[in-house]
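Colleague: No letters, just coordinates:
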């Protein structure tokens, strides 16, 4: 004797509403994204690497902008508005404080990266700079030292990659 199981044609299966199908697809996609490899702060390895590469290129150029006024080189890592902010800071130092800084990056370490909405990132670094302060227009040294800072960056993902849109020194550590 054989027992047969009745076969249910597709028409007798419960139908899911279009909304249920869309919600299910979103949840499945979100689960897949949530499983992507990321660092301890939630940034993907790819984003962390890309941002670290931008900073490794940008920070020495930032030092040169302060020392030599080479602002054009900053365009590979920063948006025009941020370059204008750096230009104003350098100008203010020269005009108001009558001094020129010659910063040299010694090291930087990324403390944290928070990426949101795919195209925005807040990045906190610890940076160590050797900084010589000179009387503007001369080689006369006013002071020299090594400074350590906690710096907060805002990044925006553009077609050309991650770009600095803002930089703020949050804290200068005791020397």
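Modeller: Thanks, I have it. These numbers come from a predicted model, not from an experiment.

Colleague: okay, CA-based contacts and neighbour counts for the rest of this
Modeller: Will do.

Colleague: Past the host helix or strand of residue 88, which element shows up next along the chain?
Modeller: Per DSSP states H and E, residue 88 falls inside helix 80-96. Downstream of helix 80-96, the first helix or strand assigned by DSSP H and E is strand 99-116.

Colleague: Mind listing what's buried along that next one?
Modeller: Across strand 99-116, burial judged by 16 or more other Cα atoms under 10 Å covers 99-105, 108, 110, 112-115.

Colleague: follow-up on the earlier one: quick check: which helices or strands does the helix holding residue 88 pack against?
Modeller: When contacts are defined as 3 or more Cα pairs under 8 Å, 6 or more residues apart in numbering; DSSP states H and E, helix 80-96 sits against strand 99-116, strand 161-172.

Colleague: outside of it, which residues touch it?
Modeller: Contact with helix 80-96 is made by 65-66, 69, 71, 74-75, 99-100, 136, 164-167, as judged by Cα atoms under 8 Å, 6 or more residues apart in numbering.

Colleague: circling back: mind picking the two most distant members of the buried residues of strand 99-116?
Modeller: 99 and 115 (37.2 Å; Cα to Cα).

Colleague: would you turn the buried residues of strand 99-116 into CSV with pLDDT and distance to residue 44?
Modeller: As requested, the buried residues of strand 99-116 are exported to CSV (pLDDT from 0 to 100; distance: Cα to Cα, whole Å):
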residue, pLDDT, distance to residue 44
99, 91, 41
100, 92, 39
101, 94, 36
102, 96, 35
103, 97, 31
104, 97, 30
105, 98, 26
108, 98, 20
110, 97, 14
112, 96, 12
113, 97, 9
114, 96, 10
115, 95, 9
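
Colleague: are any of the contacts of helix 80-96 buried, and which?
Modeller: 65-66, 69, 71, 74, 99-100, 136, 164-167.
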